[in-house]
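Participant: Here is a sequence together with a model predicted from it:
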Amino acid sequence: MCEIDRDKIETISLKLRASTADGGLTIKDRYYHLRKYHSCFVGSEAIDWFLANGFATTRQEGIQLGQQLLDADLVHHVVDEHNFEDRELFYRFRQDDPPHLSPAGPSVASLKQDCGTKFGSAQKKGLLKWYQAFFVLRPGDETLYEFRTDLHSTPTKKYPLKEATVKLDQSTKFCLSLTFADIQRSDLRLAFTSDEEQLSWLKAFEKSGAVTGQTEEEVEDQVKNAESIFEFSAKDIDGNEVSLEKYGLNTEELHAACGTARHLCCTWSSYSREPDPEPVIKKFAAGYGVQFDMFSKINVNGANALPLYKYLKSRLKGTLGSFIKWNFGKFLCNRDGKPVKRYAPSVQPLDIAKDIEALL
């Protein structure tokens with residue numbers, strides 16, 4: 001951690017790791033329950049060494065010194081399950097990790113060395129239940145790291161915070177919900193122990209590139225009270241937030257646009273039919289001479305559906321109710337932005353020409 005005297009602890013580390021002939025600690029392969037642990041030392045023996053060499057005057061001081069070695073990411077418990085303890089537990093210097101056992105990293109300890117790093121435990125919503133995990137976020141970093149515990153050497157998951165959306169989640173106490181720019185990635189829901197922790201993590205996420213989004217209640221109110229699609233927005237293919245109000249036409253524009261209709265394209269990702277990122281989609285479409293406005297991939301069903309589509313589905317039901325069953329479902333809106341007709345995926349674009357002409 002950033003409070004550690006790095007030079008002092010590295011000096012002790014070098015002397016501790018020296019050969020026994022040079023006064024160092026015994027480091028060797030050891031066995032426990034028939035399993036071999038390479039190049040490790042015993043925690044209690046290290047404390048004996050601290051005392052014998054004048055680095056500690058009590059065993060408690062020795063424990064604290066060993067913990068500083070661990071916090072500095074110079075040593076770790078061989079299976080990342082213990083802090084430094086005065087017991088017959090095996091520890092290993094990071095540089096002695098065998099190649100086939102070397103962690104992919106970064107470790108919790110290495111991340112926590114930066115001053116201002118945000119870290120702590122939280123309950124994470126899994127597929128069937130909530131479970132505890134440990135999260136680390138360095139200042140200025142756009143990646144949130146998830147670990148099994150605060151001792152582990154390799155993160156179980158990494159979450160990109162750039163262009164992610166964070167919002168208060170009222171489904172459980174002190175909860176935040178993160179929605180990521182890559183909508184193929186599931187939302188991350190985290191519950192904290194207090195509103196203070198919830199707020200501090202919210203601020204940390206915002207500093208790392210996440211933007212504050214609408215709560216579920218705010219979205220519900222917007223969908224319920226909206227009078228047209230012009231009250232909603234969506235991200236274009238380049239990631240810019242675009243208000244649909246720009247597509248509303250005043251009287252002069254209506255006269256100039258007589259006989260035309262605006263066509264907007266959103267790639268639906270609810271069905272995993274378009275795995276490519278937006279730049280690839282844009283390049284592909286350009287090869288076909290596409291000239292209509294294109295938008296980023298979106299979800300159209302479920303709790304994470306784009307609010308625009310929640311509004312459209314609430315006003316016009318399909319054969320499966322509000323659910324959109326497949327790609328190429330279509331909604332037709334009049335010049336005032338009000339949805340007037342919904343079409344099944346099987347309906348061809350030219351088949352709705354007469355309905356469009358009737359609205360012009």
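Facilitator: Great, that's in hand. Computed from a predicted structure; not experimentally measured. Residues are numbered from 1 along each chain as shown.
Participant: quick one, helices of the protein?
Facilitator: For the chain, helices defined by DSSP state H occupy the ranges 6-17, 43-52, 59-71, 108-112, 195-207, 216-225, 251-256, 278-286, 307-315, 353-359.
Participant: contacting residues around the shortest one?
Facilitator: Outside helix 108-112, the residues within contact range by CB atoms under 8 Å, 6 or more residues apart in numbering are 1, 70-73, 76, 117, 119, 134, 136, 138, 145, 147, 149-153. Heads up, the C-betas are built off the backbone N, CA and C, glycines and all.
Participant: before we move on, the earlier item: lowest mean pLDDT across the helices of the chain, which one is that?
Facilitator: In terms of average pLDDT, helix 251-256 trails the rest of the helices of the chain, at a mean of 42.
Participant: and the contacts of helix 108-112, which are buried?
Facilitator: 70-73, 76, 117, 119, 134, 136, 138, 145, 147, 150-153 (16 or more other CB atoms under 10 Å).
Participant: List the ones among those that fall in strands.
Facilitator: The strands, defined by DSSP state E, take in His76, Phe119, Phe134, Val136, Tyr145, Phe147 from those.
Participant: Let me see the contact set for the residue nearest to the last one when sequence neighbours are not counted.
Facilitator: Put plainly, it is Phe147. Residue nearest to Phe147 in three dimensions, not counting chain neighbours: Phe134, with 4.5 Å by CB to CB, 6 or more residues apart in numbering. The neighbours of Phe134, taking CB under 8 Å, 6+ apart as the test, are Val108, Phe119, Gly120, Ser121, Glu146, Phe147, Arg148, Thr149, Asp150, His152.
Participant: Bridge partners for Asp293, pull those for me.
Facilitator: Counting by DSSP bridges, Asp293 forms beta bridges with Leu264.
Participant: Can you tell me how far it is from Leu332?
Facilitator: Per CB to CB, to the nearest Å, Asp293 is found 17 Å from Leu332.
Participant: try Asp238
Facilitator: 26 Å.
Participant: which of these two has more neighbours?
Facilitator: The residue with more neighbours, out of Asp238 and Leu332 and counting by other CB atoms under 10 Å, is Leu332; that gives 16 against 12.
Participant: What about the closest residue to the more buried one other than its chain neighbours, how many residues nearby?
Facilitator: The shortest distance from Leu332 to any residue other than its chain neighbours is 4.5 Å, reached at Lys341 (CB to CB, 6+ apart). Counted with other CB under 10 Å, the neighbours of Lys341 add up to 15.
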